[in-house]
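K.L.:
mind folding the following:
(chains A and B)
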Number of protein chains: 2
Amino acid sequence: MPSSKSQKINSPRRKRKIIVHIATSADGYIARKDDDLEWLINRPAPKGFYGLPAFERTIDTKLLGRRTFDWSLKMGAPFGGKTQDFVFTHHPPRDPPPRGVEFVTESVSDFVSRLRAAEGRNIWLMGGGGLIASFLDAGAIDEFIVSIVPVFIGEGIPLIAPLHRDTPLSLRSVKSFADGVVQVHYDVLGPGKSPGE
Amino acid sequence: MPSSKSQKINSPRRKRKIIVHIATSADGYIARKDDDLEWLINRPAPKGFYGLPAFERTIDTKLLGRRTFDWSLKMGAPFGGKTQDFVFTHHPPRDPPPRGVEFVTESVSDFVSRLRAAEGRNIWLMGGGGLIASFLDAGAIDEFIVSIVPVFIGEGIPLIAPLHRDTPLSLRSVKSFADGVVQVHYDVLGPGKSPGE
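P.N.:
Modelled structure (predicted):
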């Protein structure tokens, strides 16, 4: 078939990148089962904070799952700064969100088409593992930047919610920091879940 | 208490190191749930095979869990070479093991005390995740060398069988290879499972 309704002519679709920038334990978890991040937060970070402030200057939009958002609010994370933040949830709360935050109930693919069509900087997909899985399986993640913290926490919430996948990656770079954190940066070369699933 | 029965005077206990040298997917799995390693094996490896032959020259003993051993036999892996190989199992098979292989039913801590007391080179703890967990929780692993393959497989057998842990690591080195494999090398600084568990 030479054409498809879902393909936009001359669309700058891949211009704005959706990038996961996240920390994991050395055994691949983004948090303990009870969302505890003590192992991550109570570390003195080296100067430059693993390149995160520099990364933040390249994005204008943040995407979060509801659980990550609720946890962030509880921890006093700032919202309504220079970014437009979208929180994915099937059941938005009745209270209006903080300034700069919008609740999203539409499908990932509809949302992503709309977001990519709009002008703007790159987009930070912050997590958690459920939202990363949904985006990956929709073919909507361009890059992963994972900061591997030198600690085994043994069990917890995986980086990507479990499902059979076969997603090749291309290593862009690897950096190590004085405190033993290793940061790997990948381009996503394939879709998330395997064909036919 | 100034002394302890379990402490040996002038014992060269830490002389022979027990080292995990293993590959994981970029999402932290050592195999798919059904033990499938297609994602790992069907890759052209760069010259030097990730330093594995050089590593093998530093060891004279291999430790394997039963499932890993059965899988290795099925895949035609060689046993009875230059190393003494120990397979941990609660139920040794009736058939005698291949030459150079011994089945072990004793506890990890008893076995490790005996092994460390004997003269020899370093010891390669090959896996799987269950045996790595048992050794880690017995404080019996000195180093981890993990080759991170640039692919997400989505779900599978974790590097370390799940249990709440808080095991700090110290990064010795990180290397990257032309095919995007990143190899991290850690010293284990703490025990496996958390105190009191």
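K.L.:
so which bits of chain A are right by chain B?
P.N.:
Where chain A comes near chain B, counting by CB under 8 Å from any CB of the partner chain, the residues are A:24, A:26-29, A:32, A:39, A:136, A:144, A:146, A:148, A:150-155, A:158-160, A:162-171, A:174, A:176, A:180-182, A:184, A:186, A:192-193. C-betas here are computed from N, CA, C, even on glycine.
K.L.:
buried ones in stretch A:62-71, by neighbour count?
P.N.:
By 16 or more other CB atoms under 10 Å in any protein chain shown, the buried positions in stretch A:62-71 come out as A:62-69, A:71.
K.L.:
which strands border the one helix or strand A:L63 maps to, and is each parallel or antiparallel?
P.N.:
Per DSSP states H and E: A:L63 is located in strand A:59-65. Using DSSP bridges, strand A:59-65 pairs in its sheet with strand A:84-88 (parallel), strand A:122-127 (parallel).
K.L.:
if we can go back for a sec, hmm, which of the residues of chain A next to chain B are the buried ones?
P.N.:
Of the residues of chain A next to chain B, these count as buried by 16+ other CB under 10 Å: A:24, A:26-29, A:32, A:39, A:136, A:144, A:146, A:148, A:150-155, A:158-160, A:165-169, A:171, A:174, A:180-182, A:184, A:186, A:192-193.
K.L.:
sitting in strands, which of these do you find?
P.N.:
A:24, A:29, A:144, A:146, A:148, A:151-152, A:158, A:167-169, A:171, A:174, A:182, A:184, A:186 (DSSP state E).
K.L.:
now the two most distant members of these.
P.N.:
Farthest pair in these (CB to CB) is A:V151 and A:P168. Separation: 27.9 Å.
K.L.:
still on that earlier bit, winner for burial among the strands paired with strand A:59-65?
P.N.:
Across the strands paired with strand A:59-65, averaging neighbours per residue (mean count of other CB atoms under 10 Å in any protein chain shown) puts strand A:122-127 on top, at a mean of 23.
K.L.:
and stretch A:15-33, how far apart are its ends?
P.N.:
36 Å (CA to CA, to the nearest Å).
K.L.:
what's the answer for stretch A:76-87, then?
P.N.:
16 Å.
K.L.:
so where's chain A uncertain?
P.N.:
Chain A contains residues with pLDDT under 70 at A:1-14, A:194-197.
K.L.:
I'm done for today, thanks for sticking with me.
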